[in-house]
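S.K.: Everything below, folded, please.
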Amino acid sequence: MAYGLLFIHHIFDNSTCMTTAKIIRHRHTFHHYINGDLKAVSEDVQFKIVFSDPAELDKFEKWCVKNKGKYDYDKEENKQKGKTPKLKVFQGQEICFCDIMQFYLLHVAGYVFHSALEPYKGEIYHKA
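M.R.: Reported below is the predicted structural model:
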């Protein structure tokens, strides 16, 4: 199950404004041992989606609904309760909202990759 937190902020560079989006992924792998014997491995994925323009989040939410999904982040429980949009490109794959957001930014909303976020497994995207 993926947990998420959404932060919205504005980035201004003198008189110009660049619209940015960040996907920050936090993956924690847990190894379960019994008497020194590895029994299971599980992974907890937490993510943050950060937009510099609040209107971009509204556009993403509408796009999700159009594609039979719903972006529904529950702030009190700190988790995503929505369902991922149904896209042929992801059919038969295990995906989360990080994957959906990356697809949306690059193939729908007109963003381009800017840089990776280290040490997290995240990315920064922008459009002018």
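S.K.: What is the neighbour count of V89?
M.R.: Here the neighbour count serves as a burial measure; for V89 (other C-beta atoms under 10 Å) it reads 9. (Glycine included, C-beta is placed from N, CA and C.)
S.K.: Taking the centroid of the protein, which residue is nearest it?
M.R.: Among the residues of the chain, C98 comes closest to the average C-alpha position under C-alpha atoms, centre = their mean, at 3.0 Å.
S.K.: Could you look up the SS state of it?
M.R.: Per DSSP: H, G, I helix; E, B strand; the rest coil, the secondary structure class of C98 is helix.
S.K.: So what touches the longest helix seen in the chain?
M.R.: Scanning the chain for the helix with the most residues, using DSSP state H, yields helix 54-66. Defining contact as C-beta atoms under 8 Å, 6 or more residues apart in numbering, one finds that helix 54-66 is touched by 6, 8, 19, 21, 49, 51, 70-71, 82, 85, 100-101, 104, 108-109.
S.K.: hmm, which of these are the buried ones?
M.R.: When burial is judged by neighbour count using 16 or more other C-beta atoms under 10 Å, the buried members of the contacts of helix 54-66 are T19, A21, I49, F51, Y71, G82, P85, I100, M101, Y104, A109.
S.K.: Tell me if the second one really is in a strand.
M.R.: It refers to A21. Yes: A21: assigned to a strand according to three-state DSSP.
S.K.: Show me what the nearest residue to it once chain neighbours are set aside is bridged to.
M.R.: Closest residue to A21 in three dimensions, ignoring its sequence neighbours and counting by C-beta to C-beta, 6 or more residues apart in numbering: Y125, at 4.7 Å. Residues in a beta bridge with Y125, per DSSP bridges, are A21, F113.
S.K.: so where's the protein uncertain?
M.R.: Applying pLDDT under 70 to the predicted model, the residue ranges of the chain that meet it are 1-17, 26-29, 43-46, 77-78, 120, 128.
S.K.: For this structure, just list every one of the strands.
M.R.: Using DSSP state E, the strands of the chain run over residues 2-8, 12-13, 16-17, 19-34, 37-51, 73-74, 79-80, 112-117, 122-127.
S.K.: Perfect, I'm done here.
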